[in-house]
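Predicted model follows, preceded by the sequence.
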Amino acid sequence: MRTKRRGSRTKIQLLEAKIAELELETRTAKKPAYSEEQAHLHRRLKELQRRHGEFRRLLLGTQLASGPAFAPVPGAEAPFAGLQDAEHQRELAVLRRRLEELESSQQQQLEELGPPLERDQERQERGASTYDSPSQL
């Protein structure tokens with residue numbers, strides 16, 4: 001008699017667990033797998049990443065293009081070397097400031113989007129180490 005009760009209790013518990021599992025599956029099936037808000041945030045993140053990449057290409061492209069814009073006359077470069085170096089340092093300072101402002105702006109935008117994904121954090125860490133010293137700009 002006790003074994004029948006124990007067996008019946010076990011069957012009842014198994015059936016109740018199965019019912020709970022099916023109810024949970026039903027609830028999750030009714031939820032949208034990919035909400036519109038998530039899709040919107042994903043599109044916005046991709047757009048910000050695209051704009052960031054485009055800005056970096058423009059910034060680095062102008063930096064490379066402005067380098068050998070003219071060929072100095074041999075022997076005439078000594079008087080202008082200090083002037084060019086000072087100008088170059090000012091340009092680097094402006095670029096550094098612009099990059100910091102951009103990074104700050106993008107960080108704020110990412111925070112508005114929500115918590116960053118692990119892979120995005122890794123990308124940011126790798127990107128930050130790329131610009132650690134001024135000589136790498």
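Looks like it arrived, so ask away.

Report the buried residues of the helix or strand where Arg96 lies.
Using DSSP states H and E, Arg96 falls within helix 77-113. Across helix 77-113, burial judged by 16 or more other Cβ atoms under 10 Å covers 95, 106, 110. (Glycine included, C-beta is placed from N, CA and C.)

Among these, which one lies nearest to Arg2?
Nearest to Arg2 among those: Leu110, at 62.8 Å, using Cβ to Cβ.

So for stretch 21-36, mean pLDDT?
Mean per-residue pLDDT for stretch 21-36: 81.

quick one: contacts of that stretch?
The contact list for stretch 21-36 (Cβ atoms under 8 Å, 6 or more residues apart in numbering) is empty.

So Arg27 versus Glu21, what's the distance?
11 Å (Cβ to Cβ, to the nearest Å).

likewise Gln108?
Gln108 is 43 Å from Glu21, by Cβ to Cβ.

Check Arg57 too.
52 Å.

cool, and Arg5?
24 Å.

Out of the helices and strands in this protein, which is least certain?
In the chain, the helix or strand scored least confidently by mean pLDDT, DSSP states H and E is helix 118-130, which has a mean of 62.

I'm done for today, thanks for sticking with me.
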